[in-house]
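Chemist: Provided below are the primary sequence and the corresponding predicted coordinates.
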Amino acid sequence: MRTSRNGHELLAWSVALTALASLLLVNGCQSGQGKKAAPAPVPEVATVKVSMETVALTMELPGRTSAFLVAEIRPQVNGIIRKRLFTEGSMVRAGQVLYQIDPAPFQAVLENADAAVARAEANLTAIRSRAERFKELLPEKAVSRQEYDDAAAALKQTEADIEYWKSMARTASINLGYTRITAPVSGRIGRSNVTEGALVTAQQPAPLSIIQRLDHVYVDVPQSTTETLRLKRSLESGRLNQGGADQRKVGLFLEDGSAYPLTGTLQFRDVTVDPATASVILRVVFPNPKGVLLPGMFVRAVVREGVRDRAILIPQQAVSRDSRGNPVALTVNAEGKVQQRTLVLDRAIGDKWLVSSGLASGDQVIVEGMQKARPGASVKAVPFEPAKSK
């Protein structure tokens, strides 16, 4: 009897547990069917508003410095160098004596010419008196015509000799002066290529030394003909103008990347194209009061092209590339939809791109959050705030 009662109790507990589990399952299903799934949130993107602005366009070109003035020192007479009268690398002034050639041979030639002049002048008085007397006696037939002609010829010969020896004396004096080799210009002189005791010759190919004026320097900058033609087309189309007093001002970066503190002035653009490099030379003059710029230095010149009045600049991070490599940008229209624009870029200016076409004033360009935006999708646009430099 007990066994039968226990069996009935176990059966009753089993039925009760099964009913409870079924009730819980039904309630759970009804609760899940009563709630709807929440909609996905609209992604947020940071945008900048395109606006027109005036931009000064420049191009950075490599160049080399050269001295503002170069004078090669060469002798004008033959001789032996007796003294060198300057310190290598020092500043010299125009007219300063640099070398002294042995003057003795030239002094002797000058004295010989002076003596010849004195000898001819000493004979001149007697010969002139004789010619004048013969001229007076000629009408009276006291002297023959031949004697008078000989006396007159001797007078002219003596006068000619005097002029000849005077010119020889002047030449000898000039050559004697050339034994003192002087600086033709003021500037910094380099090393001497000869020493005392060296034999030098007039107009020799190798200079004795070189003087360079460095208070101003030239910077010769090659510009490709492609850039020249592009600039010309931009000016003709009106996209660029070259007005303003600063158009001829040029900046400079040194070999170590530092900026040169003074600006230069564009002197001229050469009209001959170098066939080896397909470029023309721009010559710029820079003041060099502290001697920072030395001849032969490699520099980078920043030349002004002109001013673009209606330029569009957007951050570089807003531009990406499509599968074909074309630059593209994503914009947000008035309905909050994403659109893709294909751009034509001119150049990078700092951390921005100068856009030639593809965008218009008022467009909202996505700068951040592009990975969450797809063309045609809805997004929420917020203003882009660039990171502040510390």
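Modeler: Nice, I can see it.

Chemist: Pull up the pairing partners for whichever helix or strand Thr47 is part of, direction included.
Modeler: Using DSSP states H and E, Thr47 falls within strand 44-49. The strands beside strand 44-49 in its sheet (DSSP bridges) come out as strand 364-368 (antiparallel), strand 380-383 (parallel).

Chemist: Mean neighbour count, these: which tops it?
Modeler: strand 364-368 (a mean of 22; mean count of other C-beta atoms under 10 Å). From N, CA and C alone the C-beta is placed, and that goes for glycine too.

Chemist: re the thing from before, give the rounded mean pLDDT of the strand holding Thr47.
Modeler: Summarised as a single mean, pLDDT over strand 44-49 is 91.

Chemist: cool, and stretch 149-168?
Modeler: pLDDT averaged over stretch 149-168 gives 92.

Chemist: heads up, I number from 44, so please use that
Modeler: That works, and once the first residue is 44, the last one we named lands at stretch 192-211.

Chemist: then that stretch to PDB, C-alphas only?
Modeler: Taking C-alpha atoms only, stretch 192-211 is exported to PDB below (Å, rounded to 0.1, in the frame of the first residue of the first chain):
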ATOM      1  CA  ASP A 192     114.500 120.500 -98.300                       C
ATOM      2  CA  ASP A 193     117.000 118.400 -96.400                       C
ATOM      3  CA  ALA A 194     117.000 120.900 -93.500                       C
ATOM      4  CA  ALA A 195     113.100 120.900 -93.400                       C
ATOM      5  CA  ALA A 196     113.000 117.100 -93.500                       C
ATOM      6  CA  ALA A 197     115.600 116.800 -90.700                       C
ATOM      7  CA  LEU A 198     113.300 119.100 -88.600                       C
ATOM      8  CA  LYS A 199     110.300 117.000 -89.200                       C
ATOM      9  CA  GLN A 200     112.200 113.800 -88.500                       C
ATOM     10  CA  THR A 201     113.400 115.100 -85.100                       C
ATOM     11  CA  GLU A 202     109.900 116.200 -84.100                       C
ATOM     12  CA  ALA A 203     108.600 112.800 -85.000                       C
ATOM     13  CA  ASP A 204     111.300 111.100 -83.000                       C
ATOM     14  CA  ILE A 205     110.400 113.200 -80.000                       C
ATOM     15  CA  GLU A 206     106.700 112.100 -80.300                       C
ATOM     16  CA  TYR A 207     107.700 108.500 -80.700                       C
ATOM     17  CA  TRP A 208     110.000 108.400 -77.700                       C
ATOM     18  CA  LYS A 209     107.300 110.200 -75.600                       C
ATOM     19  CA  SER A 210     104.800 107.500 -76.500                       C
ATOM     20  CA  MET A 211     107.400 104.900 -75.700                       C
END
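
Chemist: comparing the strands paired with strand 87-92, which gets the lowest mean pLDDT score?
Modeler: Per-stretch mean pLDDT for those is lowest at strand 423-426 (a mean of 89).

Chemist: Check which helix or strand Ile324 maps to.
Modeler: Judged by DSSP H and E, Ile324 forms part of strand 322-330.

Chemist: for this structure, which spans come out with low pLDDT?
Modeler: 44-83, 286-288, 430-433 (pLDDT under 70).

Chemist: Spatially central, which residue of it would that be?
Modeler: The centre of the chain sits closest to Ala344, judged by C-alpha atoms, centre = their mean, with a distance of 3.3 Å.

Chemist: Name the residues of the helix or strand hosting that one that come out as buried.
Modeler: When elements are assigned from DSSP H and E, Ala344 belongs to strand 341-358. The neighbour-count check on strand 341-358 (16 or more other C-beta atoms under 10 Å) flags 342-351, 354-358 as buried.
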